[in-house]
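Peer 1: Return atomic coordinates for the entry below.
(2 chains)
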Amino acid sequence: DVKVTQSSRYLVKRTGEKVFLECVQDMDHENMFWYRQDPGLGLRLIYFSYDVKMKEKGDIPEGYSVSREKKERFSLILESASTNQTSMYLCASTGVRGSSSYNEQFFGPGTRLTVL
Amino acid sequence: QKEVEQDPGPLSVPEGAIVSLNCTYSNSAFQYFMWYRQYSRKGPELLMYTYSSGNKEDGRFTAQVDKSSKYISLFIRDSQPSDSATYLCAMSGASGGSYIPTFGRGTSLIVHP
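Peer 2: As a prediction, the model looks like this:
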């Protein structure tokens, strides 16, 4: 079974801190994604990666950076956390399930980040 | 106008009701239409997907796509309290590994006993 794990379920940080969110998938997927989810705004894509050391900006990359040094691991970095980055952060990877031909997104459980 | 529109609800129904969840979209290039279910404090999980127009049934769930109207629906028959969750529609033009779906904002469903 596909598993996407995220390093923390809940995180509280202070304004100005550097924050690392880690995501690991165990299915050798090439494509990985970081979203944030806010009430009324839905899922918004921050960054995604097609391969190791590759990264592409999503819809809202400002204030974030990413790192993909290994295929299974995709990290989201908040260089200097601000209160408007308080959100639920979801990591996903893309692949097929079983005998299906459809590439679906498998999501991690999310990290609820609060910036004080 | 957003590419995908979805009423956030909440939608509250009694157990056993038929539930209809809907999304409209503007991009005629969309070919794959997905429904994800997200329980509280969890990540979304794919419930069903449909390619192009038509219906697809899986147990109590039926997905419908009307490309002429740019309208998709998810029907839940005999709804159960365990169906209480947020349902997100998503769409994409392809199913390659690098595709990026466009998500609706999600509809919160509450099924009360």
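Peer 1: What's the separation between B:Ala85 and chain A?
Peer 2: 13 Å (Cβ to the nearest Cβ, to the nearest Å). Just so you know, the C-beta spots here come from the backbone N, C-alpha and C atoms, and that holds for glycine as well.
Peer 1: Quick one: mean pLDDT over the helix or strand harbouring B:Thr50.
Peer 2: When secondary structure is defined by DSSP states H and E, B:Thr50 falls within strand B:45-51. Model confidence over strand B:45-51 averages 92 on the pLDDT scale.
Peer 1: Could you find the closest non-adjacent residue to A:Gly58?
Peer 2: Leaving out its chain neighbours, the residue that sits closest to A:Gly58 by Cβ to Cβ, 6 or more residues apart in numbering or on different chains is A:Leu45, at 3.2 Å.
Peer 1: actually A:Asn31, not the one I wrote
Peer 2: Ranked by Cβ to Cβ, 6+ apart and with sequence neighbours excluded, the top spatial neighbour of A:Asn31 is A:Thr94, at 4.3 Å.
Peer 1: Let me know whether A:Ser93 touches A:His29 as I believe.
Peer 2: Yes: between A:Ser93 and A:His29 there is a contact at 3.9 Å, judged by Cβ atoms under 8 Å.
Peer 1: more neighbours, these two?
Peer 2: In this view A:Ser93 and A:His29 are compared by other Cβ atoms under 10 Å in any protein chain shown, and A:Ser93 has more residues nearby, 29 against 21.
Peer 1: any low-confidence regions in chain B?
Peer 2: Within chain B, the set of residues satisfying pLDDT under 70 comprises B:1, B:95-98.
Peer 1: Please list the residues of it that sit near chain A.
Peer 2: Taking Cβ under 8 Å from any Cβ of the partner chain as the measure of proximity, chain B contacts chain A at B:6, B:8, B:32, B:34, B:41-46, B:49, B:51, B:88, B:95-101, B:103-106.
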